[in-house]
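Colleague: The following block contains a protein sequence and its predicted model.
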Amino acid sequence: MKASEINDLSVEELQVRTQELQQELFNLKFQLHTGHLENTARVAQVRKDVARVKTILSGKLKA
């Protein structure tokens, strides 16, 4: 997910997206530890997406 796409979302949508990404990250970590995860690069990608969304959300909340 690109930062430009995230900037277009409202605060409520960003909060929902954060929750969805954190749930996906939890599931990926669970799969990783049980040995069922095929695409290990997805974990890092989701972590970066969570950081992007949280950064933009904090900026919108301060403004």
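Modeller: Arrived safely, thanks for sending.
Colleague: Looking at residue 63 now. What's its pLDDT?
Modeller: Model confidence at residue 63, expressed as pLDDT, equals 77.
Colleague: Check this protein for its longest helix and report it.
Modeller: Longest helix in the chain, counting residues (DSSP state H): helix 11-34.
Colleague: neighbours of residue 23, just the number please.
Modeller: A total of 11 residues lie near residue 23 under the criterion other CB atoms under 10 Å. No exception for glycine: its C-beta is placed from N, CA and C like everyone else's.
Colleague: ok, now how distant is it from residue 38?
Modeller: Distance, residue 23 to residue 38, using CB to CB, to the nearest Å: 19 Å.
Colleague: do residue 25 as well
Modeller: Spatial separation of residue 25 from residue 38 under the definition CB to CB is 16 Å.
Colleague: if you count what's nearby, which of these two comes out ahead?
Modeller: Counted by other CB under 10 Å, residue 25 and residue 38 do not tie: residue 25 has more neighbours, with 17 against 6.
Colleague: ok now do the more buried one, which residues does it touch?
Modeller: Residues in contact with residue 25 (CB atoms under 8 Å, 6 or more residues apart in numbering) are 43, 46-47, 50.
Colleague: Narrow those to those in helices?
Modeller: 43, 46-47, 50.
Colleague: Just the buried ones among those residues, please.
Modeller: 43, 46, 50 (16 or more other CB atoms under 10 Å).
Colleague: quick one: contacts for the residue positioned nearest the centre of the chain?
Modeller: Centroid check for the chain by CA atoms, centre = their mean gives residue 50 as the closest residue, at 2.9 Å. By CB under 8 Å, 6+ apart, residue 50 lies in contact with 18, 21-22, 25.
Colleague: per-residue confidence at it?
Modeller: 97.
Colleague: Who are the packing partners of the helix or strand of the chain with the lowest mean pLDDT?
Modeller: The helix or strand of the chain with the lowest confidence, counting by mean pLDDT, DSSP states H and E, is helix 3-7 at a mean of 91. Helices and strands touching helix 3-7, by 3 or more CB pairs under 8 Å, 6 or more residues apart in numbering; DSSP states H and E, are helix 41-62.
Colleague: Thank you, goodbye.
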